[in-house]
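Undergrad: need coordinates for the following:
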Amino acid sequence: QVQLIESGGGLVQAGGSLRLSCAASGRTLSSNGMGWFRQAPGKEREFVAAIDWSAGNTNYADSVKGRFTISRDNAERTVYLQMNSMKPEDTAVYYCAAGNSIVSISRYWGQGTQVTVSS
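TA: Numbering: from 1, shown residues only. Sure, this is the predicted structure:
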């Protein structure tokens with residue numbers, strides 16, 4: 001099992017920035033990919049970004065490209081999501097996720113952290 005603990009959510013004005021963190025513990029070697037999903041009220045959960053531990057390859061949803069950056073700290077087994085130029089439509093609960101690869105990260109889930117962007 002892999003445990004994921006998120007932190008860093010909160011309230012920010014449009015145009016501002018936030019950084020989310022996700023610390024992984026447990027059998028982390030079984031999860032080469034980690035990343036983020038988000039779910040806004042009344043909407044389905046959607047993919048945001050992913051990264052693989054080995055090469056650091058990244059993948060982003062079109063809606064966040066150029067504004068969000070995902071990175072990792074292998075030693076701390078922590079993944080970060082730097083969110084810049086935030087928009088009200090970025091408001092959602094953000095979930096950290098992990099899985100076997102960068103294209104399959106939905107095996108393990110964190111508890112979620114609320115991000116609210118005010119206009």
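Undergrad: make it CA atoms for all contacts and neighbour counts henceforth
TA: OK.
Undergrad: gap between the spatially most central residue of the chain and I51?
TA: Closest to where the C-alpha atoms of the chain average out (CA atoms, centre = their mean) is W36, at 2.7 Å. W36 sits 9 Å away from I51, going by CA to CA, to the nearest Å.
Undergrad: likewise for E44?
TA: The spacing between E44 and I51, counted by CA to CA, is 22 Å.
Undergrad: and R27, what does it touch?
TA: The contact partners of R27, taken as CA atoms under 8 Å, 6 or more residues apart in numbering, are 1-2.
Undergrad: okay, it: pLDDT?
TA: Looking at R27, its pLDDT reads 81.
Undergrad: with I102 instead?
TA: Looking at I102, its pLDDT is 88.
Undergrad: what is the neighbour count of it?
TA: When counting by other CA atoms under 10 Å, one arrives at 22 neighbours for I102.
Undergrad: so the spatially closest residue to it that is not a sequence neighbour bridges to which residues?
TA: With sequence-adjacent residues excluded and distances taken as CA to CA, 6 or more residues apart in numbering, I102 is closest to G33, at 4.4 Å. Judged by DSSP bridges, the bridge partners of G33 are D52, G99.
Undergrad: cool, thanks, talk later.
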